[in-house]
Structures are given as C-alpha cells and as structure tokens.
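**Student:** Sequence and predicted structure, then a few things I'm wondering about:
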Amino acid sequence: MDNEKLQTYARYLNCCSSLEIESFRLYQLLSRKMNNPESSFILGIAYDSLKSSKITQSILEAFSQTETVGKECDKSLSKLLEEIQAFTRSLLRVRNIDNELFIDILKELTNLEDLLGLVYSNFNQSTGPKLITDEMSKLVTTDISNFKKIFDSFVENKTEHRETITEIIYYFEGRETKKPKYVSPVVKYQNPDAWIKITSLHAFSNSIQHEETAT
C-alpha cells in the first residue's frame, strides 16, 4: 500500500512539474507582448516557474519512480494544466494588447498563482512528504522538515509573484484612468474574437480548493 501511495505522490509531483513548465511558457509568451520594465518582471516569474519544475524533477530523480511516467495527473491538476494550456493558446492568437486587456490577463494570472500555491500547500499537508523522505532516506540522510521547506518556498514564491503582478496591474490601471474617455480599446475592433476569448475565459477555476490531494 505504501508503495502505491508513493507512486501516487510521485505522480502528483511530476504533474506539479508539468504545471510549472506550462506556466513558464505562458509567462514567457506574455513577456514578449509587453514593454520593459514590465516584461522583465513577467519574464522573471517565468524563470521562477522553470526553476521550480527543475527542482521538482531532481527530487523525483532522487528516488526514481519509473512507474509514474506517462500516467495522467489527478482530476484537479489535470484540469488546471488544461486551463493553462488553453490560456496560452488564446494569448498566442492576440496580436494587439491594450492596457485594459493587459489588466484582464494579469488578473487571471493572480488567480493562477493562488492555485499553484495551493497545489504545493496541499502536498505539504498530506502524507506525501513523509513517504517520500522515508524512501529517499534509504539512499541518503533526508530530513522531512527541510524537505517540506522546499515546497513552502514554492508557496512563498507564488505569493511574491502575485504581489508583483498586482503592482503591474496598478500601473496599467493608472495608465487607463489617464486615457480620454472617448478612446476605446483598439484591440476590440481589430481583433474582436481574441478579445472575447481572453476576457470571458475565466481560465483558472477554483476546483483545486475542493479537491483533496492524493491521500
């Protein structure tokens, strides 16, 4: 039973790594559509996501779980993964982004950071860390409190990302209030379908809050 649970948690972490890779691609794409210095902050978030993915993969390699390769994520993580991918595809189709659309996109991304933080919090509150550190301890000395700190740092990282994104939102909102009232967002008329897909997407649902991490 413990081995089965270990594989389940290993698969969970592998899915976390996939979420971070997709987040990296999303943020990298968004950074290319923004001007500096905002694009630099967004690119920094992208590489934080990539780093989290690499760290998680190195943990999995430390207690090789080949059985997890190719298996699907659980329901909540799979849904979030699909939402990130869908959001990236929608963003890819938008060529002209004005302040108002940037605000909508960034607000969605604050939701994403909240959900990613919750993914790691759920893991740390489960029996996963103990099972994994017990397994890793067969090879090297492993301290569970230090192991959990890795994922606590990921949660803190997501909070920092949210704060950075919020500051950028304030910046764009400030620019929006200075615009003449008769000026409408150009993108609505140049690319109306893309506008609708982004602003009505509500891509990042709260499903993870109602799903239990593997037990």
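**Tutor:** Looks like it arrived, so ask away.
**Student:** Secondary structure element holding the closest residue to residue 39 other than its chain neighbours?
**Tutor:** Leaving aside its chain neighbours, residue 39 sits nearest to residue 31 (4.4 Å; criterion: Cβ to Cβ, 6 or more residues apart in numbering). Where you see a C-beta, it was placed from the backbone N, CA and C, and this is true even at glycine. Following DSSP states H and E, one finds residue 31 within helix 2-32.
**Student:** residues making contact with the next helix or strand after that helix?
**Tutor:** The helix or strand immediately downstream of helix 2-32 is helix 38-62, counting by DSSP H and E. For helix 38-62, the surrounding residues in contact (Cβ atoms under 8 Å, 6 or more residues apart in numbering) are 10, 13-14, 16-18, 20-21, 23-28, 30-34, 68, 132, 136, 139-140, 150, 154, 157, 161, 164-165, 168, 171.
**Student:** Stretch 136-148 too?
**Tutor:** Taking Cβ under 8 Å, 6+ apart as the rule, stretch 136-148 contacts 62-63, 124, 129-130, 132-133.
**Student:** let's see 7 Å
**Tutor:** 62-63, 124, 129-130, 133 (Cβ atoms under 7 Å, 6 or more residues apart in numbering).
**Student:** Could you report the neighbour count for residue 77?
**Tutor:** Here the number of neighbours of residue 77 (other Cβ atoms under 10 Å) works out to 25.
**Student:** chain center to stretch 143-152, what's the gap?
**Tutor:** Its chain's C-alpha centre and that of stretch 143-152 lie 20 Å apart, by Cα atoms, centre = their mean, to the nearest Å.
**Student:** Can you give me the buried ones in that stretch?
**Tutor:** Using 16 or more other Cβ atoms under 10 Å as the test for burial, stretch 143-152 gives 147-148, 151.
**Student:** of these, closest to residue 93?
**Tutor:** If you rank the buried residues of stretch 143-152 by distance to residue 93 using Cβ to Cβ, residue 151 comes first, at 34.4 Å.
**Student:** And the closest one, which helix or strand is it part of?
**Tutor:** Following DSSP H and E, one finds residue 151 within helix 144-177.
**Student:** any idea of the mean pLDDT for that helix?
**Tutor:** Average pLDDT, helix 144-177: 90.
**Student:** try stretch 46-61
**Tutor:** What stretch 46-61 shows for mean pLDDT is 93.
**Student:** For it, output the C-alpha coordinates as CSV.
**Tutor:** Presented in CSV, the C-alpha positions along stretch 46-61 are these (Å, rounded to 0.1, in the frame of the first residue of the first chain):
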residue,chain,number,x,y,z
ALA,A,46,8.5,32.7,-16.0
TYR,A,47,12.0,31.6,-14.9
ASP,A,48,11.0,31.1,-11.3
SER,A,49,8.4,28.6,-12.6
LEU,A,50,11.0,26.9,-14.7
LYS,A,51,13.3,26.6,-11.7
SER,A,52,10.5,25.1,-9.6
SER,A,53,10.0,22.5,-12.3
LYS,A,54,13.7,21.6,-12.4
ILE,A,55,13.9,21.3,-8.6
THR,A,56,10.8,19.0,-8.5
GLN,A,57,12.2,16.8,-11.3
SER,A,58,15.5,16.5,-9.4
ILE,A,59,13.6,15.3,-6.3
LEU,A,60,11.8,12.6,-8.5
GLU,A,61,15.1,11.5,-9.9
